[in-house]
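Engineer: Fold the following.
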Amino acid sequence: MKKVLLIITSLLFAITVNAQIAGINLGDDYETVKEKAEQKFGPSYESSHDIITYHDIGYGNIYWANLAFLFQYDSGRSYLKQIMFINSTNTASDAKAEREKLKGMLDKYNWEPKILFDGFKSYVAHTDDGMTVMIGVNKGNYGEGYDINLMYMKNFVTESY
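Structural biologist: Got it, this is the predicted structure:
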């Protein structure tokens, strides 16, 4: 009986453990993410209850203008629900080229093209463990330039009404 429980527990643990992105798991709590991110990237630019942000970091042989870790909460427990890498360009054609470059670099995912943000093509992939990965382009903040976003997402809190 103990062996069966151990196998079931190990299987459940394996199902809930997520792929590591920058050494951090989706689903990790706020304090764990903050500690791991500071070890990897140094002090954050901003941190609050819902988000930890970094500017000007290198990851995956790419220079990123911004990196954000976003959280959700349930009964006082925090869960990392999204990791978002962001770059900016001056032109739409440069943003599209960066999007295609990222898609090629991340060829392990089964990408589906979708029109999502500001009418630009995005790529979305779903993993077996429930994670969604997205590469998107959108108009930059305040209507200036264009952003390229690489997002890893998973929902840990289910709302019921």
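
Engineer: pLDDT score assigned to F117?
Structural biologist: Predicted confidence (pLDDT) for F117: 71.

Engineer: Determine the number of other residues adjacent to it.
Structural biologist: 15 (other CB atoms under 10 Å). For the C-beta atoms, the positions are set from N, CA and C on the backbone; glycine is no exception.

Engineer: What helix or strand is it located in?
Structural biologist: Secondary structure from DSSP states H and E places F117 outside every helix and strand.

Engineer: I'd assumed M134 was in contact with it.
Structural biologist: No. Using CB atoms under 8 Å, F117 is not in contact with M134, being 9.6 Å away.

Engineer: Where do the strands of the protein begin and end?
Structural biologist: Remark: strands assigned in the chain by DSSP state E are 20-21, 24-25, 46-47, 51-59, 62-74, 77-89, 112-115, 121-126, 132-139, 146-153.

Engineer: low pLDDT regions in this protein?
Structural biologist: Low-confidence segments of the chain (pLDDT under 70): 1-19, 158-161.

Engineer: related to what we said a few turns ago, for K96, find the nearest of the strands of the chain.
Structural biologist: strand 132-139 (6.3 Å; CB to CB).

Engineer: Which positions in the closest one come out as buried?
Structural biologist: Neighbour-count burial for strand 132-139 flags 133-139 (criterion: 16 or more other CB atoms under 10 Å).

Engineer: Tell me which other helices or strands it touches.
Structural biologist: Secondary-structure packing of strand 132-139 (3 or more CB pairs under 8 Å, 6 or more residues apart in numbering; DSSP states H and E): helix 92-105, strand 121-126, strand 146-153.

Engineer: Share the number of residues neighbouring R77, please.
Structural biologist: Other residues near R77 come to 11 when the count uses other CB under 10 Å.

Engineer: Next, the contact list for it, please.
Structural biologist: Applying CB atoms under 8 Å, 6 or more residues apart in numbering, we find R77 in contact with D29.

Engineer: Next one: G27 from H49, what distance?
Structural biologist: Using CB to CB, to the nearest Å, G27 is found at 17 Å from H49.

Engineer: the more surrounded of the two?
Structural biologist: Per other CB under 10 Å, whichever of G27 and H49 has more neighbours is G27, with 17 against 8.

Engineer: Hmm, the more buried one is touching L80, no?
Structural biologist: Yes. Contact criterion CB under 8 Å: G27 and L80 qualify, at 6.1 Å.
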